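Student: Sequence unavailable; structure follows:
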């Protein structure tokens, strides 16, 4: 709770030509830290000191230390050639949920693989008239981004997942055991190929429809089957043609608490898989 009170005579020594003294930034940080982020745009209008604190990295460190973490939904939405695809954020305000365009973030190539680690979104590969190996990382705290080292192979419609803090990228290119999988170490920012025996049933072009991480495995849907890759042991499992999962998983889905939620867009019915 924040209480504002009036001090007789004001804080400018009764001199109307003197600007009020700014609050110390340490005090502002203690006031702002417990407040939901959706109110930060309004709070940043209070003064220059509030803007400085709200855009500082220290505030996010303080919030994390206090256990204040808010899930935020990011979406890349568009309809070419009519609407240029752009990044949006769905934020909760004191009225409704609102989609806000993020003009500071770059265009994402079609068919890119995307994963998140904490407050960072990693975007890998895609198609820019031909498959690319480009990798960028988005900082969701400040909505800034920069390039990371390229993947060792160009990939388009690859699968990706985070296991033990490392990013595994699978397929997105012609199937071959030597370089079908590579892993990114986020600490050293380096790529390494992971030799593997590709599942025989996987499509030869290595293009996937969607993917999800559950129970330490990366589940992958291609045009004909569902596969699971366990990076710790380097093991593949073919789950065959699971009709219900094949039907709904590719349309609209997400993972919450190791459960896969898929939405049937025709009936608006949710299906849950474990």
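Tutor: In hand now; what should we look at? On a predicted model such as this, the values are computed, not experimentally measured, just so you know. Residues are numbered from 1 along each chain as shown.
Student: quick one: the helix or strand residue 220 falls within to chain centroid distance?
Tutor: Under the criterion of DSSP states H and E, residue 220 resides in strand 217-221. Distance of strand 217-221 from the chain centroid (C-alpha atoms, centre = their mean, to the nearest Å) equals 18 Å.
Student: Quick check: bridge partners of residue 77?
Tutor: Taking DSSP bridges as the rule, residue 77 bridges to residue 86.
Student: Tally up the residues packed near it, please.
Tutor: 11 (other C-beta atoms under 10 Å). In this view, the C-beta of every residue, glycine as well, is placed from N, C-alpha and C.
Student: pLDDT below threshold where in the stretch 51-200 of the chain?
Tutor: Applying pLDDT under 70 to the stretch 51-200 of the chain flags residues 80, 91-96.
Student: Tell me where the stretch 51-200 of the chain has helices.
Tutor: Using DSSP state H, counting those that start in this stretch, the helices of the stretch 51-200 of the chain run over 57-65.
Student: re earlier: and the average pLDDT for the strand holding residue 220 is what?
Tutor: Average pLDDT, strand 217-221: 91.
Student: Quick check: what element follows that strand along the chain?
Tutor: Counting by DSSP H and E, the next helix or strand C-terminal to strand 217-221 is strand 226-230.
Student: chain center to that following strand: distance?
Tutor: For strand 226-230, the distance to the chain centre is 22 Å (C-alpha atoms, centre = their mean).
Student: Next: stretch 252-263.
Tutor: 15 Å.
Student: Now it: buried residues?
Tutor: For stretch 252-263, the neighbour count (16 or more other C-beta atoms under 10 Å) marks 253, 260-263 as buried.
Student: again with stretch 132-148
Tutor: Buried residues in stretch 132-148 (16+ other C-beta under 10 Å): 132-141, 145, 148.
Student: gap between the two ends of it?
Tutor: Using C-alpha to C-alpha, to the nearest Å, one end of stretch 132-148 lies 13 Å from the other.
Student: for stretch 118-133, same thing?
Tutor: End-to-end for stretch 118-133, by C-alpha to C-alpha: 23 Å.
Student: And the contacts of that stretch?
Tutor: For stretch 118-133, contacts defined as C-beta atoms under 8 Å, 6 or more residues apart in numbering pick out 60, 74, 108-116, 134-141, 148, 150-156, 158, 160, 167, 169, 172-173, 184.
Student: can you list the residues that contact the strand holding residue 220?
Tutor: 159-161, 163, 168, 170-171, 208-213, 226-231, 237, 239, 245-246, 249-250, 260.
Student: among the residues you listed, which ones are buried?
Tutor: For these, buried by 16+ other C-beta under 10 Å: 159-161, 163, 168, 170-171, 208-213, 226-229, 231, 245-246, 249, 260.
Student: Which element, helix or strand, includes the nearest residue to residue 53 once chain neighbours are set aside?
Tutor: The shortest distance from residue 53 to any non-neighbouring residue, by C-beta to C-beta, 6 or more residues apart in numbering, is to residue 28 (4.7 Å). Counting by DSSP H and E, the element that carries residue 28 is helix 25-32.
Student: Going by neighbour count, list what's buried in that helix.
Tutor: 25, 28-29, 32.
Student: Let me know the angle separating that helix from helix 57-65.
Tutor: Using axes from the mean of the first three to the mean of the last three C-alpha atoms, to 10 degrees, the direction of helix 25-32 lies 40 degrees away from that of helix 57-65.
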